[in-house]
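1. Any chance you could fold what I've pasted below:
(one chain, ligands or ions: 3)
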Amino acid sequence: MNQKPISIVGMPSDLGQGRRGVDMGPSAIRYASAQSLIKRLGYEVEDLGDIAIPSPESIDMGSSSLKYLSAIKQVNEQLAGVVSDVVERGRFPLVLGGDHSMAIGTIAGIAKHHKNMGVIWFDAHGDLNTGETSPSGNIHGMSLAVSLGIGHPDLVNIGGFAPKINPEKTVIVGARELDLGERELIKNLGIKVYSMHDIDRIGMAQVMEEAISIVSQDTDGVHLSLDLDGLDPKDAPGVGTPVPGGISYRESHLALEMLAEANILTSAEFVEVNPILDRENQTAKVAVALMGSMLGQTVI
Ligand SMILES: NC(=[NH2+])NCCC[C@H](N)C(=O)O
Ligand SMILES: [Mn+2]
Ligand SMILES: [Mn+2]
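-> Residues are numbered from 1 along each chain as shown. Ligands and ions are numbered 1, 2, ... in the order given. Next up is the predicted model:
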């Protein structure tokens, strides 16, 4: 991992999904000592605080099939601006969430500077729905599609340009629950998906070797979007949409250690930590431990 200084940004959003509490994710991750770990690993680090998010009680859900569309657009425009400034200042954005709709803003902010970036989407889900294919209307299930330029124009055009990323340079790791429309989109766009089946079959080491080569060849940056529900719910219980049969604690560390060795990441976000559904902050602690591996911490 390069030793660029790190800027932490909190995105306490819960408007993109149905269960309360994920807005407390950034605090839980901070409480699990993220900043002191990062310092201990030798980085200069600053915490820019949180983006202001309206509470769901104070705003209207709207009548669209995309719940809280206008508020989500507005807060992600803000996040995109903050993340873009961080990149402009030569720093590494580390964004803490918050539901996964926030990837729309994070990626918009980075893509302004990295026109040809690779993305690793570590997740049980594809987050490739649109208002038409979504079973829930929850925008956290649409953020990867939006970043690829597919979906509601109010979201797709956040930051003033679209698409942000290229399907050929996008890799999903850990998928085990994909909706019908998502599977079609994956086929049509040729997105590489390493499902749990692949991880079982060829092992995480081989998966990450291939993933790293896809996202780092002919790209000018790599973003890691890590949804804690990519891990098995036994290891990361504090998530709103858990799916059994996930990536183990150790496999996820191996994945991030390999990313650190490859030294390709230019930004990262850790999302979907929901302390209300958690056990003694275990999921936030896992997020921080994984950050350590991502930033070069090794066993020996
Ligand atoms: N970021 C997440 N946890 N996404 C879960 C999405 C679940 C489901 N596919 C939906 O679109 O509603
Ligand atoms: Mn997920
Ligand atoms: Mn997700």
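2. where does Val146 sit relative to ligand 1, distance-wise?
-> Applying Cβ to the nearest ligand atom, to the nearest Å, the value for Val146 to ligand 1 is 12 Å. For the C-beta atoms, the positions are set from N, CA and C on the backbone; glycine is no exception.
3. Name the nearest residue to that residue, ignoring sequence neighbours.
-> Once flanking residues are discounted, Val146 sits nearest to Leu155: 4.5 Å by Cβ to Cβ, 6 or more residues apart in numbering.
4. Quick check: that neighbour touching Ile72?
-> Yes - Leu155 is within contact range of Ile72, at 7.3 Å (criterion: Cβ atoms under 8 Å).
5. What distance do you get for the residue in the stretch 201-300 of the chain positioned nearest to ligand 1 to Glu272?
-> At 4.3 Å from ligand 1, Thr241 is the closest residue in the stretch 201-300 of the chain, using Cβ to the nearest ligand atom. Using Cβ to Cβ, to the nearest Å, Thr241 is found at 8 Å from Glu272.
6. returning to that earlier point: the residue nearest to Val146 belongs to a helix, doesn't it?
-> Yes - per DSSP: H, G, I helix; E, B strand; the rest coil, Leu155 lies within a helix segment.
7. From here on, call the first residue 108.
-> Yep, numbering from 108; the last one is Leu262 now.
8. Next, count neighbours for it.
-> 26 (other Cβ atoms under 10 Å).
9. cool, and the one 4 residues further on?
-> Neighbour count for Gly266, taken as other Cβ under 10 Å: 22.
10. Which part of the stretch 208-357 of the chain gets nearest to ligand 1, residue-wise?
-> Gly248 (2.2 Å).
11. Contact partners for that residue?
-> Gly248 makes contact with Gln124, His207, His232, Asp234, Asn236, Ser241, Pro242, Asp286, according to Cβ atoms under 8 Å, 6 or more residues apart in numbering.
12. Near the third one, how many other residues are there?
-> Under the neighbour criterion other Cβ under 10 Å, His232 is assigned a count of 25.
13. Kindly state the pLDDT recorded for it?
-> Looking at His232, its pLDDT reads 99.
14. where does it fall, helix, sheet strand or coil?
-> Quick answer, by three-state DSSP: His232 is coil.
15. wait, isn't it in contact with Val346?
-> No - under the criterion of Cβ under 8 Å, His232 makes no contact with Val346, lying 10.7 Å away.
16. Can you work out which residues contact both of these two?
-> Asp334, Asp336.
17. for the stretch 308-407 of the chain, what spans make up the helices?
-> 356-369, 389-401 (DSSP state H, counting those that start in this stretch).
18. Can you tell me which of the ones you listed is packed in deepest?
-> Sort the helices of the stretch 308-407 of the chain by mean neighbour count, taking mean count of other Cβ atoms under 10 Å, and helix 389-401 sits at the top with a mean of 23.
19. elements contacting that helix?
-> Applying 3 or more Cβ pairs under 8 Å, 6 or more residues apart in numbering; DSSP states H and E, we find helix 389-401 packed against helix 132-138, helix 141-147, strand 329-334, helix 356-369, strand 372-378.
20. and if we set it to 6 Å?
-> Identification of packing neighbours for helix 389-401 by 3 or more Cβ pairs under 6 Å, 6 or more residues apart in numbering; DSSP states H and E yields helix 132-138, helix 141-147, helix 356-369.
21. Next, work out how far apart the closest residue to Gly233 other than its chain neighbours and ligand 2 are.
-> Closest residue in space to Gly233, ignoring its immediate chain neighbours: Glu289 at 4.2 Å, by Cβ to Cβ, 6+ apart. Look at Glu289 and ligand 2: by Cβ to the ion, to the nearest Å, they are 12 Å apart.
22. CA atoms of the host helix or strand of Glu289 as PDB?
-> Taking DSSP states H and E as the definition, Glu289 sits inside helix 287-296. In PDB, the C-alpha atoms belonging to helix 287-296 read as follows (Å, rounded to 0.1, in the frame of the first residue of the first chain):
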ATOM      1  CA  LEU A 287     -33.400 -11.700 -12.100                       C
ATOM      2  CA  GLY A 288     -32.800  -8.200 -13.700                       C
ATOM      3  CA  GLU A 289     -29.300  -8.100 -12.100                       C
ATOM      4  CA  ARG A 290     -28.300 -11.400 -13.700                       C
ATOM      5  CA  GLU A 291     -29.400 -10.200 -17.100                       C
ATOM      6  CA  LEU A 292     -27.500  -7.000 -16.700                       C
ATOM      7  CA  ILE A 293     -24.300  -8.900 -15.700                       C
ATOM      8  CA  LYS A 294     -24.700 -11.100 -18.800                       C
ATOM      9  CA  ASN A 295     -25.400  -8.100 -21.100                       C
ATOM     10  CA  LEU A 296     -22.500  -5.900 -19.800                       C
END
